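1. Okay, structure incoming, though there's no sequence with it:
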């Protein structure tokens with residue numbers, strides 16, 4: 001009898017180890033890191049029909065990190081909220097990325113644009129697909145990095161690490177009550193035009209082309225999705241990886257963005273720029289039309305200056321373009 005008890009306990013113990021090992025290998029760990037100089041309130045929204053992750057919202061002080069475990073075949077998005085507080089009635093709201101729940105947890109609601117989004121589709125045919133989207137605009141620098149030995153021909157870091165608020169066109173800026181630029185809208189969010197949002201007669205890859213504003217985003221952040229059909233150069237895939245999501249990954253990306261201090265001579269952008277598409281090597285390109293007057297020429301020079309400003313402010317600026325066509329972005333943040 002004693003021998004049978006020992007065998008039973010041994011079997012039970014090994015079973016526990018097997019179950020723990022299965023659970024560990026089946027889940028994905030997302031480690032969210034705040035390297036900004038201020039508090040960030042991450043929000044998480046799961047796709048319909050998948051097991052949601054918990055919590056759906058929390059606070060990360062400067063330098064803090066938090067691990068979130070997602071079930072297999074999970075899909076959803078993650079973003080950072082800024083300038084959050086409670087009003088006299090206890091309602092929780094944020095100046096950027098607010099999910100409208102009135103609480104710190106988003107409870108399934110998505111981000112109100114503009115907000116930098118990290119989007120994931122986990123476990124599709126053994127692969128994880130992910131990208132960082134600026135389709136609805138930008139509020140924080142973000143980097144998504146595979147960890148834990150993931151593999152894949154384009155299993156690498158993706159995101160937008162420069163501060164787009166510094167050179168955001170005035171018509172796209174979102175400012176706080178004290179004049180600080182807290183976010184930069186996309187042209188779809190700012191103007192709502194069908195050609196910017198890829199709707200109606202512009203609702204296909206053939207008819208919806210990048211706008212000048214999306215090209216400004218793409219030039220600054222070539223590894224982020226800049227408009228609805230921008231996926232050849234912005235979607236990445238890994239197998240067997242966990243992920244680290246870093247807000248403000250470089251030390252120079254969280255400077256206060258007050259128009260008069262950071263960008264005293266905001267340039268006028270060249271609206272005569274024409275997108276030429278993606279070549280067979282997967283590289284996006286654009287070329288200016290011939291300027292018709294001196295003013296247009298000045299605008300072209302100013303646009304180049306914008307790129308230089310972003311390169312200096314962002315630090316470690318490098319244009320690296322991949323080659324994959326799997327997922328599309330969307331101007332709808334929810």
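-> Everything's here; your move. Since the structure is predicted, the reported quantities are computational estimates derived from the model, not experimental observations. Numbering: from 1, shown residues only.
2. Sort out which residues of stretch 161-174 are buried, please.
-> 161-169, 172-174 (16 or more other Cβ atoms under 10 Å). Backbone N, C-alpha and C define where each C-beta goes, glycine included.
3. Phi and psi next, for the residue lying closest to residue 39 once chain neighbours are set aside.
-> Leaving aside its sequence neighbours, residue 39 sits nearest to residue 61 (Cβ to Cβ, 6 or more residues apart in numbering; 5.4 Å). Dihedral angles of residue 61 (phi, psi; degrees, to the nearest 10) stand at phi -70, psi 170.
4. Count the neighbours of residue 61 for me.
-> If you count neighbours by other Cβ atoms under 10 Å, residue 61 ends up with 10.
5. and the gap between it and residue 34?
-> Applying Cβ to Cβ, to the nearest Å, the value for residue 61 to residue 34 is 7 Å.
6. Is residue 155 in a helix, a strand, or coil?
-> Residue 155 carries the three-state label coil when classified by DSSP: H, G, I helix; E, B strand; the rest coil.
7. isn't it right up against residue 241?
-> Yes: because the distance of 6.5 Å satisfies Cβ atoms under 8 Å, residue 155 is recorded as touching residue 241.
8. and for the two, which residues touch both?
-> With contacts defined as Cβ atoms under 8 Å, 6 or more residues apart in numbering, the residues adjacent to both residue 155 and residue 241 are residue 146.
9. quick one, which of the two is more surrounded?
-> Set side by side, residue 155 and residue 241 give different neighbour counts by other Cβ under 10 Å, the larger being at residue 241 (22 against 18).
10. just checking, the more buried one touches residue 128?
-> Yes: under the criterion of Cβ under 8 Å, residue 241 lies in contact with residue 128, with a separation of 6.5 Å.
11. what do those two both touch?
-> Taking Cβ under 8 Å, 6+ apart as the contact rule, residue 241 and residue 128 both touch residue 150.
12. can you give me the strands for the stretch 151-300 of the chain?
-> Under the criterion DSSP state E, counting those that start in this stretch, the stretch 151-300 of the chain contains strands at 158-160, 173-175, 181-185, 236-238, 242-247, 273-278, 284-288.
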